[in-house]
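> Following is a predicted model, sequence given first.
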Amino acid sequence: GFYNKTGDHKRPQEEKISPNHDGGKADSEEGKADNEQGKADHKQGMFSVSNKVKNQNRIRKKELEMCVISIKNTQDSTVFEITNADEENEGDTSQDDKYHEADYCALSIKSVEAINYSRLNVLDVAQTWRYKYKTAIEVERFKIEFEEKTGTKWLVQDKKPSKDKEMKNYVLVWKFFCHHNGKRRTPEEKRRKKCKTIAEERRCPAKMEFIIKKDLDCHCNDPFMPEKPFEFTLRGRHNHDLNQAGPCKHLPPLEETLNTLYTFFMNNDRPGVASHKLNSQIILSEEPSERIQDTRYLPDIRQIYHLWDKWANEAFGKDWPSALESIKRDYPSQSHVRVCEELHVVAIVTDLMERVHKSNPLCKDIVFIDTTSNVDLYHTSVTFILTSSPIGAMPLGVILSDGQDEKSYTKGFAMIKDIVSDYGFYGQKFPAVIMTDDGTAERNALRKIFPTSILLLCIFHFLQAFWRWLLNSKHGVAMEDRQEIMVNFKIIVYCQNAEDLDTAKEALENLESFKNNESLKKHYNDMLQRIEVWCIAYRVEYLTRGYDTNNFSEATMRVFKELFLERCRLYNAAQLVAYIIKEYECYHTERIRDFLSHSQSVKIFRDGTEKLHIGSKYLPKNQVKENAIKKIENGRYSIKSQRRPEVIYEVTTHNCMCSCPAVISGVTCKHLLGVHLHTDAVLFILPPTSLEEMNKYHYIAFGKLPEIDRYASHINKVQSGSESVLAGVKLSQQADMNIDKINEELMEIEEEDMTNNMDISK
């Protein structure tokens with residue numbers, strides 16, 4: 001038993017039971033004898049202790065073996081060596097060199113670096129240390145440091161006290177077992193998974209126990225109370241190697257590694273990218289060879305995916321309702337994120353999208369809308385609302401929805417319209433033309449929200465759908481007739497006027513393959529009922545700016561999936577919102593910055609060669625002469641036709657329109673380009689060449705105007721480039737004049753030769 005410093009025998013709550021104990025009370029003479037023997041053993045540094053677990057209802061039936069405990073005191077801790085009583089008779093353990101104090105390297109209060117764990121794993125005896133720790137936080141910190149230094153992981157077997165109950169004599173009693181000792185499976189689990197795990201195969205018997213005693217009278221016989229109330233015990237030997245490559249592959253990551261991975265996750269890095277970054281850090285560290293095979297420092301990809309899934313559950317929620325709650329929590333004060341919990345719809349208009357609404361005049365003329373899905377684990381649909389600009393596609397809004405039904409689309413477009421109600425679409429409140437795919441739910445929703453807008457179909461997707469219809473064998477179109485039908489139908493789509501349209505329709509309807517296929521006739525007549533949405537001949541009266549396809553949306557989908565998602569799926573809608581607000585907006589900011597910094601407009605106007613004129617979208621082959629342009633009033637110019645001088649075209653700069661046939665739908669013609677080159681007019685459909693236009697795009701990208709004239713040097717380059725274009729045009733005109741003179745001289749020479757020949761023949 002335990003004895004106090006005065007030598008008075010006190011029976012604690014856990015009393016000592018002798019091997020011959022019969023359940024009765026010990027007489028006073030035996031107690032005095034034990035007291036005297038205990039004093040003698042204490043003076044020699046040895047005393048005997050027996051392990052006993054008290055039960056309130058009965059006493060243990062099996063007698064406990066007598067044990068001898070060797071006390072070894074160190075400066076900061078005390079080590080107990082437990083041996084069997086039979087071993088005591090063989091020799092004096094206090095004089096055994098095998099259990100030298102240096103072999104135990106007693107743990108320090110501040111660190112566990114001194115422990116020789118390989119030596120401890122060799123010993124079969126249970127070993128106990130005493131420390132000054134008094135709180136659970138200190139013990140938890142000690143356990144983490146102990147696991148890190150020894151290369152082990154201990155799983156909880158039992159923890160007392162529980163949350164609701166408080167222990168009477170102990171602050172805590174924690175029991176652990178080695179993580180290589182897997183739990184047994186039920187027969188059903190064994191049938192489901194026949195192979196055993198590493199932990200089930202090893203069945204490591206090592207165990208560990210933490211006890212913090214309270215400073216009570218029941219522990220007054222403990223000589224280490226109250227200075228060292230924490231008792232740390234190791235039992236059993238590990239049946240596997242420690243700090244070796246094999247067992248280290250199955251260790252859980254350290255706290256430092258977890259923090260590093262969570263930092264990567266918060267920076268929108270996916271598990272694969274996070275694993276690559278962590279691997280690079282370890283390779284560049286001081287001990288790459290030891291840590292590269294240790295999952296405490298470099299977890300395998302399955303562990304990283306598990307950690308990412310766990311982190312994403314906490315950060316973004318497990319399902320759509322929790323994801324919407326996460327969105328409302330993360331963006332409470334931002335009016336550009338709206339949430340509909342009933343239909344699971346999120347509408348987003350970022351700051352950059354808001355500035356595009358206010359500053360880009362093209363957004364009131366035409367808008368492109370397309371939807372993609374399968375971008376996260378819950379198959380969320382992402383709908384992009386885009387407009388055109390000289391830089392390329394610019395975003396106006398994004399809608400996230402749980403499905404692609406009409407109700408979800410209607411609610412999403414309504415929330416977008418409500419967010420931009422004051423300034424939407426350059427103050428027009430609706431776009432004049434909307435280009436979409438042939439989706440019934442999407443187009444019906446747009447008709448409800450924007451009833452005054454004209455809905456057109458993307459020609460590319462429309463022709464693609466018709467070709468798929470022809471390829472379907474159940475429609476009965478012969479393989480050799482498909483291409484002929486497709487070519488004739490394509491001519492109908494690209495007709496520019498009513499006369500050509502009637503001719504093309506007649507040519508298709510007179511084909512024998514068309515006449516003999518009733519299914520094709522029915523499908524063709526169904527498409528003719530809405531010919532105004534897919535035939536170019538019906539678009540001349542709409543301001544489409546020359547756009548007949550939805551390629552802006554297709555390019556945006558590819559950029560979003562490849563550049564941001566890297567062809568991987570995100571977790572849920574909450575992470576999608578974070579990507580769109582942070583990554584997607586930064587991408588467009590960088591695009592505008594690169595456009596202004598590298599001045600792509602300068603590259604367009606730099607060279608005046610004939611090759612550039614043909615290949616450039618913004619430079620028609622035929623240039624307008626400067627003397628052909630006359631200014632009528634502010635924003636209006638008259639230009640004489642080069643072929644027919646009696647014809648005069650009028651250019652208005654505020655809407656970038658020309659009265660020539662080429663610009664009926666708003667495309668760029670040579671007259672608009674001539675005004676752009678030879679005057680100081682600003683045309684928003686062409687790349688910016690004025691300081692005002694460049695500052696406007698700077699405002700769209702960064703939300704503020706530049707403090708200084710950052711783009712003044714680019715303006716000078718553009719002007720010099722324009723002069724080079726004009727110089728090239730003048731040189732080409734001079735060359736044409738020279739060629740004409742040479743041709744005239746050659747004609748005169750030929751006439752003289754013919755006259756001479758006639759004279760000779762005469």
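Good, I have the coordinates.
> is it true that residue 152 touches residue 176?
No - with contacts defined as C-beta atoms under 8 Å, residue 152 does not count as touching residue 176, sitting 9.8 Å away. C-beta here means a position set from N, CA and C on the backbone, and glycine is covered the same way.
> Number of residues surrounding residue 459?
When counting by other C-beta atoms under 10 Å, one arrives at 20 neighbours for residue 459.
> For residue 649, pull up the helix or strand it's in.
Using DSSP states H and E, residue 649 sits within strand 648-652.
> Give the rounded mean pLDDT of that strand.
Strand 648-652 carries an average pLDDT of 87.
> Equivalent analysis for stretch 205-224, please.
Mean predicted lDDT for stretch 205-224 stands at 85.
> what about that stretch, start to end distance?
Terminal residues of stretch 205-224 lie 29 Å apart, using C-alpha to C-alpha, to the nearest Å.
> Same question for that stretch: list its buried residues.
206-213, 218-224 (16 or more other C-beta atoms under 10 Å).
> swap in stretch 644-659?
Using 16+ other C-beta under 10 Å as the test for burial, stretch 644-659 gives 649, 651, 652, 653, 656, 657, 658, 659.
> Now do it: distance from first to last residue.
Its first and final residues considered, stretch 644-659 spans 15 Å by C-alpha to C-alpha.
> and for it, what are the contacting residues?
For stretch 644-659, contacts defined as C-beta atoms under 8 Å, 6 or more residues apart in numbering pick out 632, 635-641, 660, 663, 666, 668-669, 671-672, 675, 681-686.
> from the buried residues of stretch 205-224, which ones fall inside strands?
Residues of the buried residues of stretch 205-224 located in strands (DSSP state E): 207, 208, 209, 210, 211, 212, 213.
> Do I have it right that the second one meets residue 236?
Okay, so that is residue 208. No - look at residue 208 against residue 236 with C-beta under 8 Å: they stay out of range, at 9.2 Å.
> hmm, back to that, helix or strand next in line after the strand holding residue 649, which one?
strand 657-658.
> Return the list of strands paired to that next one, each annotated with direction.
If you go by DSSP bridges, strand 657-658 pairs up with strand 648-652 (antiparallel).
> And the ones in strands among the buried residues of stretch 205-224, which is closest to residue 146?
Taking C-beta to C-beta as the measure, residue 146 sits nearest to residue 208 out of these, at 8.7 Å.
> hey, what's the closest residue to the closest one other than its chain neighbours bridged with?
Spatial nearest neighbour of residue 208, chain neighbours left out: residue 176 (4.4 Å); criterion: C-beta to C-beta, 6 or more residues apart in numbering. Here residue 176 shows beta-bridge partners residue 156, residue 208, assigned using DSSP bridges.
> how many other residues sit next to residue 176?
When counting by other C-beta under 10 Å, one arrives at 21 neighbours for residue 176.
> Also residue 172?
Quick note: residue 172 (other C-beta under 10 Å) scores 16 neighbours.
> mind checking the backbone torsions on it?
The phi/psi pair for residue 172 (degrees, to the nearest 10) reads phi -160, psi 150.
> which residue sits closest to it, ignoring its sequence neighbours?
residue 212 (5.1 Å).
> tell me the contacts of the one you found?
Taking C-beta under 8 Å, 6+ apart, we find residue 212 in contact with 133, 134, 135, 136, 139, 170, 171, 172, 229, 230, 231.
> and the residues you listed, which are buried?
Among those, the ones that count as buried by 16+ other C-beta under 10 Å are 133, 134, 139, 170, 171, 172, 229, 230, 231.
> I'd like to know which of the residues you listed are part of helices.
Residues of the buried ones among the contacts of residue 212 located in helices (DSSP state H): residue 139.
> quick one: which two of the buried ones among the contacts of residue 212 are the most distant?
Those two in the buried ones among the contacts of residue 212 that are separated most widely, counting by C-beta to C-beta, are 133 and 170, at 13.2 Å.
> Looking at stretch 325-334 now, give me its mean pLDDT.
79.
> contact partners of that stretch?
With C-beta under 8 Å, 6+ apart as the criterion, stretch 325-334 contacts 315, 316, 317, 337, 339, 346, 573, 574, 577, 578, 581.
> Mind doing that once more with 7 Å?
Stretch 325-334 is contacted from outside by 316, 317, 337, 339, 346, 574, 577, using C-beta atoms under 7 Å, 6 or more residues apart in numbering.
> Next, count neighbours for residue 709.
When neighbours are counted by other C-beta under 10 Å, residue 709 comes out with 12.
> Let me see the contact set for it.
Residue 709 makes contacts with residue 691, as judged by C-beta under 7 Å, 6+ apart.
> Name the helix or strand of the chain that has the lowest mean pLDDT.
helix 101-104 (a mean of 30; mean pLDDT, DSSP states H and E).
> so how many other residues sit close to the closest residue to residue 450 other than its chain neighbours?
Counting by C-beta to C-beta, 6+ apart, residue 450 lies nearest to residue 430, which is 4.8 Å off, once chain neighbours are set aside. By other C-beta under 10 Å, 15 other residues sit near residue 430.
> State the distance from residue 430 to residue 395.
The gap separating residue 430 from residue 395 is 17 Å, by C-beta to C-beta, to the nearest Å.
> In terms of helix, strand or coil, where does residue 417 fall?
helix (DSSP: H, G, I helix; E, B strand; the rest coil).
> Please list all residues in contact with it.
424, 449.
> quick one: it from residue 429, how far?
Here the criterion is C-beta to C-beta. By it, residue 417 lies 8 Å from residue 429.
> go on, residue 516?
51 Å.
> who has more neighbours, these two?
The neighbour comparison of residue 516 against residue 429 (other C-beta under 10 Å) goes to residue 429, with 15 against 12.
> circling back: kindly reformat the contacts of residue 212 as TSV containing pLDDT.
TSV is the format used below for these (pLDDT from 0 to 100):
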residue	pLDDT
133	88
134	88
135	89
136	89
139	90
170	88
171	88
172	90
229	89
230	90
231	89
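> So which of those residues belong to strands?
The members of those that map onto strands under DSSP E are 170, 171, 172, 230, 231.
> in the sheet, who's paired with the fourth one?
If I follow you right, that is residue 230. residue 131, residue 212.
> what about it, distance to residue 129?
Distance from residue 230 to residue 129, by C-beta to C-beta: 8 Å.
> And for the third one?
Per C-beta to C-beta, residue 172 is found 16 Å from residue 129.
> swap in the first one?
Spatial separation of residue 170 from residue 129 under the definition C-beta to C-beta is 17 Å.
> for the last one, same thing?
Distance, residue 231 to residue 129, using C-beta to C-beta: 8 Å.
> any idea how the protein splits into domains?
1-60, 65-238, 255-316, 320-458+550-584, 460-538 (automatic domain parsing).
> which one of those domains is the most hemmed in?
Of all the domains of the chain, domain 320-458+550-584 carries the top mean neighbour count, a mean of 19, counting by mean count of other C-beta atoms under 10 Å.
> now do the same end-to-end measure for that one.
Note: domain 320-458+550-584 ends 22 Å apart using C-alpha to C-alpha.
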